[in-house]
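In: The following comprises the amino acid sequence and a computationally predicted model.
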Amino acid sequence: MTPPAPPRQQPQQPPPNQSFGAWLCAWLLACGVVLFAPAQALAAIGTVESIPLVVIVVGLALALSFLGAVAAAVTTLLRRSRDAANEARRLNALLDMLDEGVAVCSGMQAVAVNTSLCRLIGIAQDDAAHLMISSFLGDADVIDRLLDQHLQPQPKPVECCR
């Protein structure tokens, strides 16, 4: 029986940036002056040139289309990351059903391992993810053979016409 893994400590978060609060206060103060005392705000600025309405409308349309594009991109990225997480969970569930120890590797790094392999090598499953192959395969020749088999091109079947 393996001992339980030690509890993980939460990393300390740095305090929030204080300059944002000062910037927000200054912005709210400026907006308040413009909203509640527009005559004094215009007098402080001096002469004001008017901006054509077409420029304002086009600028707002561009800003809204940019925000729409950003929202669509964020939605797509979230959907893809959710799909990848679901796929990883399905792979882990499939691997955990096997009695044999199985490791899915990318190069020399283990991407996913099942509970049977964790029991065989005597480590917790949380610690086994992202291990190097050499941490549970001690023979360098075996590792070289595995990597050489993986990197060698597979023969393609040839179709013959009769």
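Out: Here it is on my side, so go on.

In: after the worst-scoring helix or strand of the chain on mean pLDDT comes which helix or strand?
Out: The weakest-scoring helix or strand in the chain, judged by mean pLDDT, DSSP states H and E, is helix 38-45 (a mean of 63). Next along the chain after helix 38-45, taking DSSP states H and E as the criterion, comes helix 53-96.

In: Could I get the average pLDDT for that next one?
Out: Across helix 53-96, pLDDT averages out at 90.

In: helices or strands up against that helix?
Out: Helix 53-96 is packed against strand 109-113, with contacts defined by 3 or more CB pairs under 8 Å, 6 or more residues apart in numbering; DSSP states H and E. Backbone N, C-alpha and C define where each C-beta goes, glycine included.

In: And the strand it packs on, what's buried?
Out: By neighbour count with 16 or more other CB atoms under 10 Å, strand 109-113 contains the buried residues Ala110, Ala112, Val113.

In: and what of stretch 83-102?
Out: Per 16+ other CB under 10 Å, stretch 83-102 contains these buried residues: Asn92, Leu95, Gly101.

In: Distance of Tyr125 relative to Leu117?
Out: No Tyr there; residue 125 is Gln. From Gln125 across to Leu117, the span is 9 Å (CB to CB, to the nearest Å).
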